[in-house]
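> Got a predicted structure here, sequence first:
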Amino acid sequence: MAMAAFALPPNSNLDKDKCIKIALVHDMAESIVGDLTPWCGVSKEEKSKKEKEATTHITSLVPDEAGKEMYQLWLEYENQSSPEAQFVKDLDKFEMLVQAYEYEDLQSKPRSLQEFFDHTLEKYKFATEHVKKWMEELILHRDKSKPLDSLKSVGSADKQGAQSPLIKKRKLDINPEDSIH
């Protein structure tokens with residue numbers, strides 16, 4: 001997600017550096033507890049508790065000021081208390097759907113994860129215009145069943161000039177079902 005935050009255009013009203021920091025702190029907690037989703041059978045409360053414990057542990061390993069900043073950024077994300085936190089939350093959901101699209105493409109099974117897309121889009125509403133545009137473009141390309149190699153500038157229609165953080169698909173000799181998540 002931190003890399004995706006680099007796709008913010010220079011004229012964005014969001015603080016790009018803060019978005020990157022929030023994304024890193026969010027991913028830091030997930031690196032310990034995993035990317036827990038409702039599909040894992042873990043409640044929101046339990047997920048938040050585990051991530052708080054992980055964040056508290058990690059922030060205890062760094063100098064006080066850095067630890068305090070990291071913890072505050074994590075809280076900001078958890079509480080969705082800033083436009084930057086909302087943007088990063090949108091990126092988290094968007095990235096998950098891009099990964100699902102990549103799995104469909106790698107397996108040559110277009111729309112095989114439709115239920116996952118439907119469930120996610122029903123439960124989650126994107127809050128930020130940048131990611132809404134990127135999501136619209138992803139859906140458009142997915143509906144046309146275009147391979148990821150053809151996605152050159154998802155979001156190019158964005159009036160602020162943002163381009164999607166999608167990267168071209170790499171030909172990897174992996175089975176997406178073996179992916180750890």
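Thanks, I have it.
> Give the residue spans of the chain that score low on pLDDT.
37-39, 145-181 (pLDDT under 70).
> Which parts of it are helices?
Ranges of helices within the chain are 2-5, 16-33, 44-59, 64-79, 83-106, 114-123, 129-143, based on DSSP state H.
> how about the ones you listed in JSON lines, adding mean neighbour count?
The C-beta positions use only the backbone N, C-alpha and C, and glycine is treated the same way. What follows is the helices of the chain, written out as JSON lines (neighbours: other CB atoms under 10 Å):
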{"stretch": "helix 2-5", "mean neighbour count": "19"}
{"stretch": "helix 16-33", "mean neighbour count": "19"}
{"stretch": "helix 44-59", "mean neighbour count": "16"}
{"stretch": "helix 64-79", "mean neighbour count": "16"}
{"stretch": "helix 83-106", "mean neighbour count": "21"}
{"stretch": "helix 114-123", "mean neighbour count": "12"}
{"stretch": "helix 129-143", "mean neighbour count": "19"}
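> From the opening residue of stretch 110-127 to its closing one, how far?
27 Å (CA to CA, to the nearest Å).
> Measure how far that stretch is from the centre of its chain, please.
Relative to the chain's own centre, stretch 110-127 is displaced by 14 Å; criterion: CA atoms, centre = their mean, to the nearest Å.
> likewise stretch 106-123?
The mean C-alpha position of stretch 106-123 is separated from the chain mean by 16 Å, CA atoms, centre = their mean.
> now stretch 103-112
Per CA atoms, centre = their mean, the displacement of stretch 103-112 from the mean C-alpha position of its chain is 20 Å.
> what do you get for stretch 6-25?
On CA atoms, centre = their mean, the centre of stretch 6-25 falls 13 Å from the chain's centre.
> residue contacts, the residue nearest the centre of the chain?
By CA atoms, centre = their mean, the mean C-alpha position of the chain lies nearest to residue 92, the distance being 2.0 Å. Residues counted as contacts of residue 92 (CB atoms under 8 Å, 6 or more residues apart in numbering) are 1, 26.
> With residue 77 instead?
Remark: with contacts taken as CB under 8 Å, 6+ apart, residue 77 is in contact with 22, 25-26, 85, 88-89.
> who touches the nearest residue to it once chain neighbours are set aside in this structure?
Leaving aside its chain neighbours, residue 77 sits nearest to residue 85 (4.7 Å; criterion: CB to CB, 6 or more residues apart in numbering). Neighbour list for residue 85: 22, 76-77, 79 [criterion: CB under 8 Å, 6+ apart].
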